[in-house]
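**Q** Kindly return the folded structure for what I paste below:
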Amino acid sequence: LTLPFVFEMDTTPESYLDLFPLETIVYLTPDSENVLEDIDPGKVYVLGGLVDESIHKQLTLRRAREQRLQTARLPIREYMVRAPNARNYHCETLAINQVFDVLSTYYETRSWPAALRAGVSSGKGYVLPDTAEQ
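**A** Next comes the predicted model:
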């Protein structure tokens, strides 16, 4: 008998560095060279985020490296294509709620295309290949 995994989110004023062993933490950042291929129930995923309207390239990756943490990025490039758009705008940086939507949908469906469809808005300039011509 296998008990279902609980996808859980909690908030606390304590640092994740004080709550979990470093080897269990995976810091999610769009700048990582490592692709998140699956969700490991033995890992703790930290959604790297900034409260800022501008994008600061590499900032969350630098923070994770300073803390000696594993990093990963969502597989946007692996499953999605750049959609032609008037502004030629393409961005893999998502809001925290979008990342959470992707992760929770992936966990439920075990499908990256379904998860990315749920969390990556077309305004980011990426679409799934089956919707690229639309």
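
**Q** C-alpha only now, for contacts and for neighbours.
**A** OK.

**Q** how much space is there between Leu94 and Thr24?
**A** Taken as Cα to Cα, to the nearest Å, the spacing of Leu94 relative to Thr24 amounts to 23 Å.

**Q** any idea of the mean pLDDT in the helix ranked longest in the chain?
**A** For the chain, the helix that runs over the most residues, judged by DSSP state H, is helix 96-109. The average pLDDT for helix 96-109 rounds to 92.

**Q** List the buried residues in it.
**A** 98-107 (16 or more other Cα atoms under 10 Å).

**Q** just stretch 36-44 next, same as before
**A** For stretch 36-44, using 16+ other Cα under 10 Å, the buried residues are 36, 44.

**Q** what's that stretch in contact with?
**A** 5, 20, 24-26, 72-75, 107 (Cα atoms under 8 Å, 6 or more residues apart in numbering).

**Q** Please repeat the previous calculation with a cut-off of 10 Å.
**A** 5-7, 16, 20-28, 45, 71-76, 103-104, 106-107, 110-112 (Cα atoms under 10 Å, 6 or more residues apart in numbering).

**Q** Buried among the residues you listed? Make that a PyMOL selection.
**A** Selection of buried members from the contacts of stretch 36-44 for PyMOL, criterion 16+ other Cα under 10 Å:
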select buried, resi 22+25+26+27+28+45+71+72+73+74+75+76+103+104+106+107+112
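
**Q** In strands, which of the contacts of stretch 36-44 appear?
**A** 25-28, 45, 71-72 (DSSP state E).

**Q** Could you dump those residues into JSON lines with distance to Arg65 added?
**A** Formatted as JSON lines, the ones in strands among the contacts of stretch 36-44 follow (distance: Cα to Cα, whole Å):
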{"residue": "Ile25", "distance to Arg65": "12"}
{"residue": "Val26", "distance to Arg65": "11"}
{"residue": "Tyr27", "distance to Arg65": "9"}
{"residue": "Leu28", "distance to Arg65": "12"}
{"residue": "Tyr45", "distance to Arg65": "15"}
{"residue": "Thr71", "distance to Arg65": "8"}
{"residue": "Ala72", "distance to Arg65": "12"}
